[in-house]
Each structure stands twice: as structure tokens, then as C-alpha cells.
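J.: Mind looking at a prediction? Sequence and model below.
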Amino acid sequence: MSKQHWKPGNMLYPVPAVMVTCQRPSEKPNIITAAWTGTVCSDPAMVYISLQKKRYSYEIIRQTGEFVINLTTKSLAKAADYCGVRSGRDVDKFADTGLTPCSSKTVSCPGIEQSPVNIECRVTEIKILGSHDLFLAEVESVAVDESLLDEKGSLHLERCGLIAYSHGGYFETGKLIGTFGYSVKKKQAGKRRKTNSYRKS
């Protein structure tokens, strides 16, 4: 395999394409699409988003200290793209996209009703970086669409066609190729079959 060495760059793809909602008191809510986002800790549950200072939502989130991460699906891809290329300074993104704001449980800004999962977040730290600044936040509450739950209450996000972002493109996810720990389970199952065959002989 032959490889080229490139200059340093963001090559960690694909990444989530999420719509982040925020709102100042007495102002209209806004939506910004973010791909620089992810999980940083499981206990306590913590996430991050990275935004450029020039973005309209940057100052809103810095001032209010809260936001909601809304997972996006194939049906929301066009709205997600729109919210990433238009500024809330100039347009009402909820009105323009036809998306519906929904009340949050622990933060004052709304989530997006059409999103399958709304993750309510409170900022704990803002790390000043370079092109983007990182908002580290603790997850306060999560709202999940009940249609994605089975009879045991387990979540099946693969049913909703989540999208990811890679090098300027949006891609639908959902093809299961394995489950956590399956590589070990296969080996263990093979060992058990081999042991059983010895016993039979």
C-alpha cells in the first residue's frame, strides 16, 4: 500500500452533522449546524461543540451557557445544510426550514421536534483555540423519540437514518456490521465449538 504524506489537517471523518439550537431571552431561537462535535466523557455525561467566533450562535451560547444538540436524519439533511450556510442574524431558520421548536426540560432554549434525539447541554468551560473555540458542556437531559424504542425500552437509532458529514458531503448511516465486543464473542464461540467437538469424539 502506497501512501502520501499531507500537511496537518482535519482528516477524522466521517463526523456527526448535528443541528445545535440556542436562544437569548426574548429573542427568536436559532439553529447552527455543527460537525465539530462529539462525546468526551460518559460519567458525568459530557459533550463538546466547536464554533468560530464570527458565527451568530457563538455569542448566544457564550452568554447563555446552554444549547441543545439535535441529531439529524436523512429527512433533515436539507434543513441541516441550510442552517449551516445561512446566518441567524439575517433569517429565522425555524420559519425558513419549517422545523418546530420543542420545549426543553432543563435548559431555556428549545430543541427541534423533528429530531429523533435532543441533548440538552450546559456549558462548563470555553477553551479558546484557533479557528474554532471549544464549548465543553455537561448533558443535563436527553429527549428520545418513542418510536425508536422497542418493547424493552432499548433505543434503535438505526431506524431513523442518521446522517454523517465527510469532506463536504452528507452520508446516511445505518448499516450494522457488528456490535460492541463481537470480535471477542466470535473467538469465544469458536473455542466453545472446538471444545464440544473434542468432547463428542
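T.: Yep, it's here.

J.: CA only for contacts and neighbour counts going forward, please
T.: Noted.

J.: And the helices in this structure?
T.: 56-64, 77-85, 93-97, 182-200 (DSSP state H).

J.: weakest of the ones you listed by average pLDDT?
T.: Lowest mean pLDDT within the helices of the chain: helix 182-200, at a mean of 61.

J.: Quick check: the residue lying closest to residue 71 once chain neighbours are set aside vs residue 107, distance?
T.: Excluding the flanking residues, the one nearest residue 71 by CA to CA, 6 or more residues apart in numbering is residue 18, at 5.1 Å. Between residue 18 and residue 107 the distance is 18 Å, computed by CA to CA, to the nearest Å.

J.: Looking at the two, which one has more neighbours?
T.: Comparing residue 18 with residue 107 by other CA atoms under 10 Å, the one with more neighbours is residue 18, at 31 against 19.

J.: which residues does the more buried one bridge with?
T.: Residues in a beta bridge with residue 18, per DSSP bridges, are residue 34.

J.: For the remainder of this discussion, apply numbering that starts at 32.
T.: All right, first residue 32 from here; so that's residue 49.

J.: What's the separation between it and residue 111?
T.: According to CA to CA, residue 49 stands 7 Å off from residue 111.

J.: Common neighbours of those two, please.
T.: Any residue near both residue 49 and residue 111 by CA atoms under 8 Å, 6 or more residues apart in numbering counts here, and that gives 64, 103.

J.: For this structure, which segments count as strands?
T.: Assigned strands in the chain, in chain order: 46-47, 49-53, 61-65, 68-73, 76-82, 97-101, 132-133, 142-143, 148-158, 164-175, 194-197, 200-203 (criterion: DSSP state E).

J.: what about the ones you listed, which gets the closest to residue 211?
T.: strand 68-73 (16.1 Å; CA to CA).
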